[in-house]
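# Okay, structure incoming, though there's no sequence with it:
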């Protein structure tokens, strides 16, 4: 176990040395925070999205990002967990204090004691409160393979999140 932790620590150290900024973002699904969804989930249902963003060097219009992402939701049909690796680009030169980004991710989700491959698209708008803190709105379209397996047909689901992003390095 110590060897695995050491390898992970060295990898994170190497990644952070190649990046300009490392930040963490924590977001809550807005719809599940304020109202029920007609699928048995009441308001105040936890649906948290966590990202560890690694930002590339500033270019003319913005910078590239890569980030692992984890989503945990306490849905009425059981816990929903999603893990993904994402890559995207942030435009930060259009309007002062605002950033706009788009990204693509691939990963796995777990629900009903099974695992499913998934992919998703994200679009973010962030307002920079200062150089280390941003308020953000995230829109995501996720291929919900768990619903396809259980109910058939293709299921692309949209979620809207609000949250905060804090620079760590």
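Here it is on my side, so go on. From a predicted model like this one, the values you see are computed outputs, not experimental measurements. Numbers count the residues shown, from 1 in each chain.
# pretty sure residue 130 belongs to a strand, no?
No: read with DSSP: H, G, I helix; E, B strand; the rest coil, residue 130 is coil and lies in no strand.
# How many residues are close by it?
8 (other C-beta atoms under 10 Å). Using the backbone N, CA and C atoms, a C-beta is placed for each residue, glycine as well.
# quick one: contacts for it?
Going by C-beta atoms under 8 Å, 6 or more residues apart in numbering, residue 130 touches no other residue.
# how close does it get to residue 164?
12 Å (C-beta to C-beta, to the nearest Å).
# list the residues that contact both of these two?
The contact sets of residue 130 and residue 164 do not overlap (C-beta under 8 Å, 6+ apart).
# what's the next secondary structure element after the worst-scoring helix or strand of the chain on mean pLDDT?
Lowest by mean pLDDT, DSSP states H and E among the helices and strands of the chain is helix 2-17, with a mean of 51. Remark: after helix 2-17, the chain's next helix or strand is strand 21-29, criterion DSSP states H and E.
# on contacts alone, who are the packing partners of that following strand?
Under the contact criterion of 3 or more C-beta pairs under 8 Å, 6 or more residues apart in numbering; DSSP states H and E, strand 21-29 touches strand 47-55, strand 133-143, strand 156-167.
# Would you mind finding the most buried of the ones you listed?
Greatest average neighbour count among the helices and strands packed on strand 21-29 goes to strand 47-55 (a mean of 20), per mean count of other C-beta atoms under 10 Å.
# who does that strand pair up with?
Strand 47-55 sits in its sheet next to strand 21-29 (antiparallel), strand 62-75 (antiparallel), going by DSSP bridges.
# Just give me the neighbour total for residue 79.
Residue 79, neighbours per other C-beta under 10 Å, totals 12.
# Okay then, goodbye and thanks.
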